[in-house]
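Q: A predicted structure for the sequence below; I have some questions about it.
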Amino acid sequence: MIISIASGKGGTGKTTVAANLAASLDQPVTVLDCDVEEPNLHLFLHPEILTRENVIAPVPRIDLEKCTLCKRCMEICRFNAIAVAGKTVVTFPELCHSCGGCTAICPENAVTEVERILGTVETGSVGLPDMTFAQGLLDVGQVMVPPVIRKVKTHRADPGAITLIDAPPGTSCPVIAAMKDTDFVLLVTEPTPFGLNDLKLAVETVRLLGIPHGLVINRAGMGDNGVHTYAKEENLPILMEIPFDRKIATAYSKGELIISSQPAYKEKFQTLFQDICHLADQQRCAQ
């Protein structure tokens, strides 16, 4: 079973939920940090990194001696990564989506592909029984996030095991890449007007993808009742509420898990997992 933990905005506690949920499960689990622009799950799980690999994307290189300036490569590119200007051809690697169309369509074989490094994927193990870990890190200056996320997801567990994905915040392409092909999306929000606004966008996105989903309200007790009202109106199940508690905030600031500073929460996160299994109709993940 694959569970994505997502949020409409940053700072809602998505990583806190992902880390504590992973550490609460008494069965094999693989944890994937797909927030590749700012991965921070490792700050709570403290994995031992065992392997590192670059994420490579092919981009076009034009041989001007062969090129006849026919513009076919420019016309096929939907992302404007190639431009024919005067008697030369300009490429924009940052815009390229590595589809290979320009290479395939060139009648003079003037387009070849060279490698561009987008980021790094690290894998390792956590000092907890049966937990493996992987995270992606986008290189500085790069903007193509989805390929790095897809590479991280190749390290997901076998179908019989549990995979937890810490997705990027928001509702753009990186989030879609992280949530795609998952069995359940656990949305994390805060009871504020900003949290509600972005929660609505996240719910619309998940429903378009047709993925079962539920809600965790973090810092419950602050703000207003807007999130509760919205959840009731939209028949959105609230699976857990984490209170606005100084002890929890203190543990977070130290990079500690909630279940370590307050052991009673382990059972609460286990109950959350069972509720997810029920909503996703995944009987095999029941403990």
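A: Looks like it arrived, so ask away. Numbering: from 1, shown residues only.

Q: Ignoring the adjacent residues along the chain, who's closest to the residue positioned nearest the centre of the chain?
A: Nearest residue to the geometric centre of the chain (CA atoms, centre = their mean): Ala167, 2.5 Å. Nearest non-adjacent residue to Ala167, counting by CB to CB, 6 or more residues apart in numbering: Ala178, 3.7 Å away. In this view, the C-beta of every residue, glycine as well, is placed from N, C-alpha and C.

Q: follow-up on the earlier one: just to confirm, which helix or strand has the residue nearest to the centre of the chain in it?
A: strand 162-169 (DSSP states H and E).

Q: how about that strand as CSV, C-alpha atoms only?
A: In CSV, the C-alpha atoms belonging to strand 162-169 read as follows (Å, rounded to 0.1, in the frame of the first residue of the first chain):
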residue,chain,number,x,y,z
ILE,A,162,3.9,-0.1,3.2
THR,A,163,5.3,2.9,1.4
LEU,A,164,4.8,6.4,2.9
ILE,A,165,5.5,9.4,0.6
ASP,A,166,6.2,12.8,2.0
ALA,A,167,4.9,14.9,-0.9
PRO,A,168,5.8,18.5,-1.7
PRO,A,169,3.4,21.2,-0.6
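
Q: So for the next helix or strand after that strand, what gets flagged as buried?
A: Sequence-wise, the next helix or strand downstream of strand 162-169 (DSSP H and E) is helix 173-179. Neighbour counts using 16 or more other CB atoms under 10 Å place Pro174, Val175, Ile176, Ala177, Ala178, Met179 of helix 173-179 among the buried residues.

Q: got it, and stretch 50-69?
A: Going by neighbour count (16+ other CB under 10 Å), the buried part of stretch 50-69 is Val55, Ala57, Pro58, Val59, Pro60, Ile62, Cys67.

Q: ok, of those residues, which one's closest to Gln262?
A: Checking these against Gln262 by CB to CB gives Val55 as the nearest, at 37.7 Å.

Q: For the closest one, list the residues it contacts.
A: Contacts for Val55 (CB atoms under 8 Å, 6 or more residues apart in numbering) come out as Ile117, Leu118, Gly119, Thr120, Val121, Gly136, Pro147, Val148, Lys151.

Q: Tell me the buried residues within those.
A: Those of these that meet the buried threshold are Leu118, Gly119, Thr120, Val121, Gly136, Pro147, Val148, Lys151, by 16+ other CB under 10 Å.

Q: Now distance to Leu128, pLDDT and secondary structure too, for the residues you listed, in JSON lines please.
A: Output for those, formatted as JSON lines (distance: CB to CB, whole Å; pLDDT from 0 to 100; DSSP: H, G, I helix; E, B strand; the rest coil):
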{"residue": "Leu118", "distance to Leu128": "30", "pLDDT": "97", "secondary structure": "strand"}
{"residue": "Gly119", "distance to Leu128": "26", "pLDDT": "97", "secondary structure": "strand"}
{"residue": "Thr120", "distance to Leu128": "24", "pLDDT": "98", "secondary structure": "strand"}
{"residue": "Val121", "distance to Leu128": "21", "pLDDT": "98", "secondary structure": "strand"}
{"residue": "Gly136", "distance to Leu128": "21", "pLDDT": "98", "secondary structure": "strand"}
{"residue": "Pro147", "distance to Leu128": "30", "pLDDT": "95", "secondary structure": "helix"}
{"residue": "Val148", "distance to Leu128": "25", "pLDDT": "97", "secondary structure": "helix"}
{"residue": "Lys151", "distance to Leu128": "24", "pLDDT": "97", "secondary structure": "helix"}
